[in-house]
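Visitor: sequence and computational prediction follow.
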Amino acid sequence: MTIDPTDIDRLTPPELVTLEQPPASKRECIEFLLDVAVEAGRVDDREQALSDLLQREEEATTGVGFGIGIPHAKTSAVTRPSVVFARSEEGIDFDAMDDKPAHLLFMLIVPEEGGEEHLEILSSLSRALMHEEVRESLREAETVEAVRDTLKEAVSG
C-alpha cells in the first residue's frame, strides 16, 4: 500500500510547508520542523514529540542520502500523522551515508499505534524522492502550493 495525491492534503496541508530557512544544526532543525507542526495544531505535547524524535535519531541516521533528511518518530504526542517540509540552502548534516548535507527536509510524526502507516509514508516518500527531477522541483519551488503540487505528482507516479 502506498500514499496517493489525496493523502498529501491530509498529511502535508499548506501550514506544514515552510519556505523559511531552518537552523543549521540537526537538533535545532528538528525543533524548527516540530514547531511548524505545533503552530499548525498538529502536536498535543511538544516535549514528548521532541523526545521521541531525538530518541529515534540516536537509533539510526535519518539522513537518507541524495540531500534528503527524514527525521521521523511514532509518538503519543500526536493523534494524526503529519509530514512537515522545509528546505535548507546550505544543507544540514543528518549523518547521511553519502556524507552529503540534507537540503530537503521532511519530518514525519505519526501516532504510536500508526506503525503501518508510518512505514507506508516513509516508503512512498523515499521512492518519490529517488527521482532527481522531483528533488530539483522541490529545491526550486517558489511557493507552498508548488511544493505540495510536486509532492502530489511525485506520489502519484
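Guide: Arrived safely, thanks for sending. Numbering: from 1, shown residues only.
Visitor: tell me how many other residues crowd residue 143.
Guide: Neighbourhood size, residue 143 [other C-beta atoms under 10 Å]: 11. (Each C-beta comes from the backbone N, C-alpha and C, glycine too.)
Visitor: list the contacts for it?
Guide: residue 19 (C-beta atoms under 8 Å, 6 or more residues apart in numbering).
Visitor: go again with 6 Å.
Guide: If you count contacts by C-beta atoms under 6 Å, 6 or more residues apart in numbering, residue 143 has none.
Visitor: for the spatially most central residue of the chain, phi and psi?
Guide: In the chain, the residue lying closest to the centroid (C-alpha atoms, centre = their mean) is residue 106, at 1.5 Å. The phi and psi values for residue 106, taken as degrees, to the nearest 10, are phi -130, psi 120.
Visitor: got the phi/psi numbers for the residue lying closest to it once chain neighbours are set aside?
Guide: Leaving out its chain neighbours, the residue that sits closest to residue 106 by C-beta to C-beta, 6 or more residues apart in numbering is residue 70, at 4.8 Å. Here is the backbone geometry of residue 70 (degrees, to the nearest 10): phi -130, psi 70.
Visitor: residue 70 is in contact with residue 107, isn't it?
Guide: No: using C-beta atoms under 6 Å, residue 70 makes no contact with residue 107, being 7.5 Å away.
Visitor: in the helix or strand of the chain with the lowest mean pLDDT, which residues are buried?
Guide: Least confident helix or strand of the chain, by mean pLDDT, DSSP states H and E, is helix 115-129 with a mean of 87. For helix 115-129, burial by neighbour count (16 or more other C-beta atoms under 10 Å) applies to 117-118, 120-122, 124-125, 128-129.
Visitor: okay, now residue 58: neighbour count?
Guide: Quick note: residue 58 (other C-beta under 10 Å) scores 6 neighbours.
Visitor: can I get the helix or strand harbouring it as CSV, trimmed to CA atoms?
Guide: Assigned by DSSP states H and E, residue 58 belongs to helix 46-59. Extracted C-alpha coordinates of helix 46-59, given in CSV (Å, rounded to 0.1, in the frame of the first residue of the first chain):
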residue,chain,number,x,y,z
ARG,A,46,5.8,19.3,22.1
GLU,A,47,8.3,17.9,24.6
GLN,A,48,7.1,14.3,24.2
ALA,A,49,7.3,14.6,20.4
LEU,A,50,10.8,16.1,20.6
SER,A,51,11.9,13.4,22.9
ASP,A,52,10.6,10.7,20.6
LEU,A,53,12.2,12.3,17.5
LEU,A,54,15.6,12.7,19.2
GLN,A,55,15.5,9.2,20.5
ARG,A,56,14.8,7.9,17.0
GLU,A,57,17.8,9.9,15.8
GLU,A,58,20.0,8.1,18.3
GLU,A,59,18.9,4.7,17.0
